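[1] how does the following fold in three dimensions:
(2 chains)
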2 protein chains.
Amino acid sequence: MSDRDEERLARAALSRLAEPGDPRVAGVVAELGAAVVRDHLLAQRGPDGVLADVAARLAAVDPEGDLTRAARLGVRFVIPGDPEWPAGLDDLTEAGTVASRGGIPMGLWVRGRPLGELGPLVAVVGSRSATTYGESVAAELAAVVARAGLGVASGAAFGIDQAAHRGALGVAGATVAILACGADRAYPVAHRKLIDHIAETGAVVSEAPPGCAPTRIRFLSRNRLIAAMSRGTVVVEAAARSGALSTANWALRLNRPLMGVPGPVTSAQSEGVHAKLRGAEAVLVTSGADVLEMLGRPGEHLTEPARGPARRRDRLTVREQQVLDAVPVGRGAGADSVSRAAGIGLREVHGTLTALAERGLVVRGDHGWRLGDTARE
Amino acid sequence: MSDRDEERLARAALSRLAEPGDPRVAGVVAELGAAVVRDHLLAQRGPDGVLADVAARLAAVDPEGDLTRAARLGVRFVIPGDPEWPAGLDDLTEAGTVASRGGIPMGLWVRGRPLGELGPLVAVVGSRSATTYGESVAAELAAVVARAGLGVASGAAFGIDQAAHRGALGVAGATVAILACGADRAYPVAHRKLIDHIAETGAVVSEAPPGCAPTRIRFLSRNRLIAAMSRGTVVVEAAARSGALSTANWALRLNRPLMGVPGPVTSAQSEGVHAKLRGAEAVLVTSGADVLEMLGRPGEHLTEPARGPARRRDRLTVREQQVLDAVPVGRGAGADSVSRAAGIGLREVHGTLTALAERGLVVRGDHGWRLGDTARE
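    As a prediction, this is how the structure comes out:
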């Protein structure tokens, strides 16, 4: 078997083993390669293995069978290095984690046309409980963007998402549905026909293998893919604490343009968008033409996003974040203890701790390593 | 007669003589004082006077009578140095001219309570042909602002203006109507009762003496006063080329916070506001609370306004602008010719030309002074 096939099988196995967006797995795979990680984990089988249960689950996975069954469903497994792998996903290494999700996916399970044929993508997202105003603006904006040759990425949900997909489909444009469940499934079920239609003319994508059900954590992981696969993200409507803002925040963490469509200040469905505009995190767009102008000159219009106090931690790589998360806050702990807690080898933990210490994020005291003051900002 | 009375009479006379916002008059008065300018102009009477016609008109003005008649109408004439003179107006010296209007007014003709008692002002302006949405947002926003102890400044026009005044009146708050016609008159006539009500509880203000009719140039001049008398300006609704944007632009020239209320992108009445928000010239506000937050920390939220290519000229004082306007574009002219064209003394024109030449705005060539390349930007 070629190294490439080996890597694909290992990634397929890890994709089945780990939850989408588990930054620990993404971190070690990015550094060691999937095959090494898989073999390393398998070696932990037996009563003395630190990760015996994980190793046992991994041993039970049948990646060849998974790929064959996926192919029968019209789903292929795209991994880094494949021609259609979206380069934008690689930026996730530097984008940190949110709610313990982050990192580059093991691969994408794709149903539909090659992703490279669907043009650069722009994400058009928003509330599920959208207003008639929001849905009509989303559809019109998506149509203009799709007519200009860009693909419209969204999450196939009710409300703004479906309006965005339909807007693109209506002008025979490309659109990509990025799902929290397997690419063979449909969620919401009422969008079965819409999702199948998208798979025929565009693509349906998921980080989770075929058959997987949508879960809350998978929605959160999915939102980072919508932002990372797109050149920019447009939020059409979002209430104050809407889930659509999680996609918006991923766009900011990825340093991609975030755009917001304003609405009446009397509409709760525009509150979240107005907050992003008011904080100068998002740029106001009123039409597809505004979006095209914005993306045509990337960065030019983009104001430096106003970030919260978590900033210093945000700048960490996934691996650094993992180690930092394993360092105790109060009394210190030895590097071996941190290594165990992080599930990362001792030698590498040593190197990472030293790097973090240089930035004041961890401190070496009498009792070992503990969190530095700046890490608590 | 005291110097102060002399100055007041001279300003009253010039207020009657010159059109509101004539930057030439404002410029010389700011430098020489009103009494000197008046005497200087009167000396030009007779067939040989350069400004014989102006001098003749000035001689026919009866400032004592004007002040007495104004007092009978309940109107007083407030000049720089008076306790109730709004300090913000003095910033107009540095704010340049727009459409040949600019500079500090000769004085304000005021009907109503002392301006100093009406709290710091915030301007709430917008389209005359406002939507129901815009009017209700303006009224609510004005009410919140007025309840917090600020006065609401506006222009007493149909639409947003009247909604803003009524919002403040509705909570027994202070409001100031700044008119393009005399403070004794009412424009629009349908707002006679509203304007009288404002004079009773707040103040009605005009740069034009009592009896003056509203003209287009007086509306343009008036807009600069709304912005200059206020700590910040809120545009609630404005179509793409709405007159309300002229007040907005004055706020920017004065480096005061400009705020905009978003609306549906499908509403033409929000287009002008969205353009200002999109260009980061205005900050998005959704409520009176947002306005208060903005003004409570002046400047903190204000992004550097994106200005057009006219920028270099904008930085000039009124006097420099006048001289520059009198310098020919092509073949040069002598300083005496510039002096005549600008209506400014030769000695001062010399000094100003030298200052302008240092900045490349004028060039001294074989045939005298001509416009530099940078002045045409």
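
[2] dump the residue contacts of the nearest residue to residue A:333 once chain neighbours are set aside.
    Leaving aside its chain neighbours, residue A:333 sits nearest to residue A:368 (4.7 Å; criterion: Cβ to Cβ, 6 or more residues apart in numbering or on different chains). C-beta: built from backbone N, CA, C; applies to glycine. With contact taken as Cβ atoms under 8 Å, 6 or more residues apart in numbering or on different chains, residue A:368 is in contact with A:332-335, A:337.

[3] write a PyMOL command that selects only the buried members of those.
    Entered in PyMOL, the line below selects the buried ones among those, by 16 or more other Cβ atoms under 10 Å in any protein chain shown:
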select buried, chain A and resi 332+333+335+337
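
[4] in helices, which of the contacts of residue A:368 appear?
    A:335, A:337 (DSSP state H).

[5] the nearest residue to residue A:337 once chain neighbours are set aside pairs with what?
    Using Cβ to Cβ, 6+ apart and skipping residues adjacent in sequence, the residue nearest residue A:337 is residue A:368, 7.2 Å away. On the basis of DSSP bridges, residue A:368 is bridged to residue A:365.

[6] and the pLDDT for residue A:368?
    The model reports residue A:368 with a pLDDT of 85.

[7] do residue A:313 as well
    Residue A:313 is given a pLDDT of 56.

[8] kindly report the same for residue A:256.
    Residue-level confidence at residue A:256 comes out at 96, pLDDT.

[9] residues contacting the residue nearest to it when sequence neighbours are not counted?
    With sequence-adjacent residues excluded and distances taken as Cβ to Cβ, 6+ apart, residue A:256 is closest to residue A:232, at 5.4 Å. Contacts were defined as Cβ under 8 Å, 6+ apart; by that measure residue A:232 touches A:122-123, A:251, A:256-259, A:291, A:294-295, A:298.

[10] which of those count as buried?
    Buried by 16+ other Cβ under 10 Å: A:122-123, A:251, A:256-259, A:291, A:294-295, out of these.

[11] format those residues as TSV; extra columns: secondary structure.
    Conversion of those to TSV gives the following (DSSP: H, G, I helix; E, B strand; the rest coil):
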residue	secondary structure
A:122	strand
A:123	strand
A:251	helix
A:256	coil
A:257	coil
A:258	strand
A:259	strand
A:291	helix
A:294	helix
A:295	helix
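
[12] can you tell me which of the residues you listed is nearest residue A:12?
    The shortest gap between residue A:12 and any of these belongs to residue A:123, at 26.4 Å (Cβ to Cβ).

[13] now do the strands in the stretch 101-250 of chain A.
    A:101-102, A:108-112, A:121-125, A:151-154, A:175-179, A:203-206, A:232-235 (DSSP state E, counting those that start in this stretch).

[14] on that earlier part again, closest to residue B:53 out of the buried ones among the contacts of residue A:232?
    For the buried ones among the contacts of residue A:232, the nearest to residue B:53 is residue A:294 (55.4 Å; Cβ to Cβ).

[15] surely the closest one meets residue A:257?
    Yes - between residue A:294 and residue A:257 a contact is recorded at 5.5 Å, counting by Cβ atoms under 8 Å.

[16] now the two most distant members of the contacts of residue A:232.
    The span of these, defined through Cβ to Cβ, is set by A:123 and A:298 at 14.4 Å.

[17] distance of the residue nearest to residue A:337 relative to residue A:353?
    10 Å (Cβ to Cβ, to the nearest Å).

[18] likewise residue A:167?
    For residue A:167, the distance to residue A:353 - Cβ to Cβ - is 50 Å.

[19] neighbour-wise, which of these two wins?
    Higher neighbour count among residue A:167 and residue A:353: residue A:167, with 28 against 23, using other Cβ atoms under 10 Å in any protein chain shown.

[20] follow-up on the earlier one: from the buried ones among the contacts of residue A:232, which is closest to residue A:195?
    For the buried ones among the contacts of residue A:232, the minimum distance to residue A:195 (Cβ to Cβ) is 16.9 Å, reached by residue A:123.
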